[in-house]
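# coordinates only, sequence not included:
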């Protein structure tokens, strides 16, 4: 059984959302496009949390953030409740050797996670990560391997735009106004996406050259939306929507595009299903192999996502169905938590128009058919009252089922030693304080 199992190549980027070529955006990523044309693209894939460490923990433990314990950022003192729940431990018991190259973001010390081998690097940018991954693939072990290749791109600070990223011909993301500042910012994002794609391409080419492509399942995804205002660290689809492209054995071929609602927490149980591994008891997601096999079109009526801590405390939860999105904020602060938005020219453009004092509703309800940008809140509309009550009930049932700590207190304590920003501050670069 061990010899018949495919290798797993887990390629993940930072802060990319769906802003790559296969999702229709004018962001050229030919290597990722090639992967899409040879594999399966999930157009409706979502992270479990639109913040770095909680999102990655969701995929790698198959649990929501408040169940795994990763309710904040690993480099600020947050951690998993139990690192033995990380995917690499389940795969080891199935005969896999595991190697980490580049970004991991679920532990302050990568050695804490449990990889068999952590490749030392001078940095986590593509120029360091891709050559190390290429070298690994040229000398891959005979036994099945799980290789995590984590790129820092497209995290800020962005790369400098090149000749193909001319700001005056760039369109900013949907939540932002079209201004010279936001165009320049998006041009720099496109430059970072180009560098990311070059790294991904080098890794995929090495997989081909080593003769491993046919027996390797490639998982290409990101943690959450791009680092622009109203995207990263937000529970709208701008924040929780992610690229998810898979190619390899088990039916992940043919250039198919699926609109099945998928959560990152579904990846772990899907791997268990594909590899004939008994799923661990803690998994909260569902295998989407029945979709791949053509047995069903959907595995969820709803998906959930959350924020507790990012740079600052900002507790909120959401439930999304095909038609509706409901967001509930539990913070006493009724204005934006600005330290949870990375500093940028786009942020400055909003701050210049008094974003700091713009009210944020505690309850938000959006019709995703008529309002896909989630800009018109229907929570106070009497005509939407029955929908609002239904979505409230769905969210509450999930919170009860997962024993969400917000049910017991409006303040969720951070682990000892964790540091955060003041939520009333302006920037994540300001001095931190004990949580």
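On my side now, so go ahead. This one's a predicted model, so the numbers in the text were calculated from it and none came from an experiment.

# wait, what's in contact with residue 59?
By CB atoms under 8 Å, 6 or more residues apart in numbering, the contact set of residue 59 is 47, 48, 87, 221, 264, 265, 267, 268. C-betas here are computed from N, CA, C, even on glycine.

# Any idea how many residues pack against the second one?
Applying the criterion other CB atoms under 10 Å, we find 33 residues in the vicinity of residue 48.

# Name the helix or strand for the residue nearest to it when sequence neighbours are not counted, please.
Leaving aside its sequence neighbours, residue 48 sits nearest to residue 58 (CB to CB, 6 or more residues apart in numbering; 3.1 Å). Using DSSP states H and E, residue 58 maps to helix 52-61.

# Can you identify the element that follows that helix toward the C-terminus?
Moving toward the C-terminus from helix 52-61, the next helix or strand (DSSP H and E) is helix 65-68.

# Give the buried residues for the helix or strand following that following helix.
Note on helix 65-68: by DSSP H and E, the next helix or strand toward the C-terminus is helix 87-93. For helix 87-93, a neighbour-count test (16 or more other CB atoms under 10 Å) marks 87, 88, 89, 90, 91 as buried.

# I'd like the distance between the second one and residue 96.
Residue 88 sits 8 Å away from residue 96 when distances are taken as CB to CB, to the nearest Å.

# Pretty sure residue 245 sits against residue 38.
No - using CB atoms under 8 Å, residue 245 makes no contact with residue 38, being 9.4 Å away.

# Now do the contacts for residue 314.
Residues in contact with residue 314, defined by CB under 8 Å, 6+ apart, are 233, 307, 308, 329, 331, 333, 337, 340, 423.

# So how do I select the buried members of those residues in PyMOL?
Buried residues among the contacts of residue 314 (16+ other CB under 10 Å), as a PyMOL selection:
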select buried, resi 233+307+308+329+331+337+340+423
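
# how about the contacts of residue 314 in TSV, adding distance to residue 135 and pLDDT?
Output for these, formatted as TSV (distance: CB to CB, whole Å; pLDDT from 0 to 100):
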residue	distance to residue 135	pLDDT
233	35	98
307	37	98
308	38	98
329	46	98
331	46	91
333	48	94
337	42	98
340	37	98
423	44	97
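
# Provide a list of residues in contact with residue 266.
Residue 266 makes contact with 62, 285, 286, 287, 288, 299, according to CB under 8 Å, 6+ apart.

# quick one: what helix or strand has the closest residue to it other than its chain neighbours in it?
Once flanking residues are discounted, residue 266 sits nearest to residue 285: 3.9 Å by CB to CB, 6+ apart. Assigned by DSSP H and E, residue 285 falls within no helix or strand.

# what's the spacing between residue 285 and residue 351?
38 Å.

# out of those two, which sits in the more crowded spot?
residue 285 (26 against 16).

# Without its sequence neighbours, what residue ends up closest to the residue nearest in space to the middle of the chain?
By CA atoms, centre = their mean, the chain has its centre lying nearest to residue 223, at 2.0 Å. Spatially, and ignoring its direct neighbours in sequence, residue 223 is nearest to residue 55 (4.1 Å; CB to CB, 6+ apart).

# Local confidence estimate at the one you found?
Here the pLDDT value assigned to residue 55 is 98.

# go on, residue 1?
So residue 1 comes in at 36 (pLDDT).

# And the one 4 residues further on, by the same measure?
Residue 5 is assigned 94 on the pLDDT scale.

# Which strand or helix spans it?
Applying DSSP H and E, one finds residue 5 in no helix or strand.

# Which residues belonging to the biggest helix by length in the chain are considered buried?
In the chain, assigned by DSSP state H, the helix with the most residues is helix 180-209. By neighbour count on 16+ other CB under 10 Å, the buried set for helix 180-209 is 181-207.

# same question, stretch 105-125
The neighbour-count check on stretch 105-125 (16+ other CB under 10 Å) flags 105, 106, 107, 110, 113, 114, 115, 118, 119, 124, 125 as buried.

# which ones are touching the residue nearest to residue 180 when sequence neighbours are not counted?
The shortest distance from residue 180 to any non-neighbouring residue, by CB to CB, 6+ apart, is to residue 167 (7.3 Å). Contact analysis of residue 167 by CB under 8 Å, 6+ apart lists 161, 180, 183, 184, 186, 187.

# among these, which two are most distant?
Based on CB to CB, the longest span within those runs between 161 and 180 and measures 13.3 Å.

# mean confidence score for the longest helix of the chain?
Rounded mean pLDDT across helix 180-209 is 98.

# For that helix, which helices and strands make contact with it?
If you count contacts as 3 or more CB pairs under 8 Å, 6 or more residues apart in numbering; DSSP states H and E, helix 180-209 packs onto strand 7-13, helix 30-38, helix 126-138, strand 216-222, helix 345-351.

# Give me the residues contacting the third one.
What that stands for is helix 126-138. With CB under 8 Å, 6+ apart, helix 126-138 has contacts from 99, 101-103, 119, 121-122, 147, 149-153, 195-196, 198-200, 202-203, 205-207, 209-210, 212.

# rewinding a little: tell me the one of the buried residues of stretch 105-125 nearest residue 360?
Minimum separation from residue 360 among the buried residues of stretch 105-125 (CB to CB) is found for residue 105, which lies at 26.7 Å.

# pretty sure the closest one is touching residue 53, no?
Yes - shown here, residue 105 and residue 53 form a contact pair, counting by CB under 8 Å, at 5.2 Å.
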